[in-house]
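**Q** Sequence and predicted model, in that order:
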Amino acid sequence: MRVISRKRLKEFWENRKDDPEVAERYLTAWLRVARNVDWANFGSLKQTFRTADQVGNCVVFDVGNNRYRLIGWVNYTRGNIYVLKVMDHTEYDKKRWPEECGCHKPPPKRRR
């Protein structure tokens, strides 16, 4: 899979005050796995990331043994994962992310 964008991951770990090295290690490990798979559907994604959940059109990945949440949109046909948001558990629990990420809106239309 092609991960778009690594920049959001890097911004997250660089802005961590308490544990930037830990966040970098866990997110880099997630990135390494995600780049080396080819999922046909959510079922095959679930075989790789057993704790992932589908929320509307988004996939919520547990990263770092439940320390962080990565919200992404997966285009299985094109082989892309769009990183929409990365957050710690406290921010995730505020439950603002589904609206911020557009998880319950239709996926973007394909450009011609």
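**A** Structure received. Numbering: from 1, shown residues only.
**Q** only C-alpha atoms for contact and neighbour calcs from this point on.
**A** Will do.
**Q** What helices and strands are in contact with the host helix or strand of Lys7?
**A** Lys7 belongs to helix 6-14 when elements are defined using DSSP states H and E. Applying 3 or more Cα pairs under 8 Å, 6 or more residues apart in numbering; DSSP states H and E, we find helix 6-14 packed against helix 20-35, strand 80-88.
**Q** hey, which of these is tucked in deepest?
**A** Counting by mean count of other Cα atoms under 10 Å, strand 80-88 has the highest mean neighbour count of the helices and strands packed on helix 6-14, with a mean of 19.
**Q** next one: it to chain centre, how far?
**A** Distance, stretch centre to chain centre, for strand 80-88: 4 Å (Cα atoms, centre = their mean, to the nearest Å).
**Q** do the same with stretch 47-57
**A** Relative to the centre of its chain, stretch 47-57 is centred 10 Å away, using Cα atoms, centre = their mean.
**Q** For that stretch, buried residues please.
**A** Applying a neighbour-count criterion of 16 or more other Cα atoms under 10 Å, one finds Phe49, Ala52, Asp53, Asn57 buried in stretch 47-57.
**Q** Just the mean pLDDT for it, thanks.
**A** Averaging pLDDT along stretch 47-57 yields 95.
**Q** Stretch 69-85 too?
**A** Mean predicted confidence for stretch 69-85 is 95.
**Q** strands paired with the helix or strand that contains Arg69, and their directions?
**A** Here Arg69, judged by DSSP H and E, is contained in strand 68-75. Paired with strand 68-75 in the same sheet, following DSSP bridges, are strand 58-63 (antiparallel), strand 80-88 (antiparallel).
**Q** That's all I had, so thanks and see you.
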